[in-house]
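Chemist: okay, sequence plus prediction incoming.
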Amino acid sequence: MIPDGLLDPARLWSRSEVLGTPSPVPRSPGVYAWYFDQVPPGISATRCHRLGDRTLLYVGISPKEPPKNGAPESRQTLRSRLRTHFSGNAAGSTLRLTLGCLLSASLGLALRRVGSGRRYTFTNPGERELDEWMARNAFVAWITADRPWDIERQLLGSGLVLPLNIHGNSSGSTKTLSAVRSAAKRNADALPILPDSGGLRRVREVVDGL
């Protein structure tokens with residue numbers, strides 16, 4: 001059974017609230033659900049779950065499932081992950097990468113290689129433009145859970161239409177999203193590598209606020 005705290009939460013939280021001090025987001029493992037006022041271009045939300053006027057498009061977890069090869073476990077929490085989604089960059093947030101690629105034409109965003117050339121972000125002011133779009137349109141709910149990956153698998157296998165999820169999602173939207181993101185990375189590969197000073201500063205801002 002899918003927890004009511006994700007499909008029928010008592011409230012949704014905005015970017016300013018999640019990033020506020022004190023933050024309402026717990027330093028705990030859990031599952032989060034993203035609802036949007038505006039559906040990004042190229043996405044069909046016809047069969048998506050709705051909460052009032054907002055549409056559920058994406059679910060995620062923090063931390064990820066521990067690796068089975070003995071590698072160190074992630075130390076992320078709901079608070080650190082949601083701060084990264086709301087104020088980090090595309091290199092650290094698959095949600096930001098997907099949103100930025102879908103919104104590239106309407107917001108004038110361009111994915112670029114930065115630093116060593118192995119990381120992709122929308123640089124600045126692109127990441128700031130994405131911040132502002134999320135502040136207007138993206139809202140989140142969460143629940144705490146000791147094994148959030150079990151709930152994520154349940155959600156992805158429940159028949160819910162989650163068009164912004166790629167990994168573990170069997171819906172037809174995954175091919176479209178993968179193609180859009182791959183095209184953006186190919187375009188970035190053809191352009192010069194940029195310094196990553198802005199991205200490093202944004203990472204410090206997120207870490208300092210935890």
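Modeler: Noted; the coordinates are in hand.

Chemist: which residues in the protein form strands?
Modeler: 30-36, 50-51, 54-62, 112-114, 119-121, 138-144 (DSSP state E).

Chemist: residue boundaries of the helices in this structure?
Modeler: Ranges of helices in the chain, per DSSP state H, are 4-7, 15-18, 78-87, 94-102, 104-107, 123-137, 148-156, 173-189, 197-208.

Chemist: please tabulate those helices in TSV, including the columns mean neighbour count.
Modeler: (C-beta placed from N, C-alpha, C; glycine too.) Shown next, in TSV, are these (neighbours: other C-beta atoms under 10 Å):
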stretch	mean neighbour count
helix 4-7	16
helix 15-18	17
helix 78-87	23
helix 94-102	24
helix 104-107	14
helix 123-137	18
helix 148-156	18
helix 173-189	15
helix 197-208	15
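
Chemist: what would these look like in a markdown table with distance to Asp53?
Modeler: Converted to a markdown table, those look like this (distance: least, C-beta to C-beta, whole Å):
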| stretch | distance to Asp53 |
| --- | --- |
| helix 4-7 | 16 |
| helix 15-18 | 18 |
| helix 78-87 | 21 |
| helix 94-102 | 19 |
| helix 104-107 | 20 |
| helix 123-137 | 11 |
| helix 148-156 | 22 |
| helix 173-189 | 21 |
| helix 197-208 | 29 |
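
Chemist: which residues touch Ala90?
Modeler: Ala90 makes contacts with 96-97, 100, 111, 120-122, 127, as judged by C-beta atoms under 8 Å, 6 or more residues apart in numbering.

Chemist: if we use 10 Å, what do you get?
Modeler: 96-101, 109, 111-112, 114, 119-123, 126-127, 130, 181, 184, 199 (C-beta atoms under 10 Å, 6 or more residues apart in numbering).

Chemist: so where is this structure shaky, pLDDT-wise?
Modeler: For the chain, the stretches flagged by pLDDT under 70 are 170-172, 197-210.

Chemist: list the single closest residue to the residue nearest the centre of it in space, sequence neighbours excluded.
Modeler: Centre of the chain computed as the mean C-alpha position; nearest residue by C-alpha atoms, centre = their mean is Leu95, 2.6 Å away. What sits nearest to Leu95 in space, not counting adjacent residues and going by C-beta to C-beta, 6 or more residues apart in numbering, is His85, at 5.2 Å.

Chemist: need the contact list for that neighbour.
Modeler: 15, 18, 32, 34, 58, 60, 62, 92-96, 99, 134, 138, 140, 206.

Chemist: for it, give its distance to Leu78.
Modeler: 11 Å (C-beta to C-beta, to the nearest Å).
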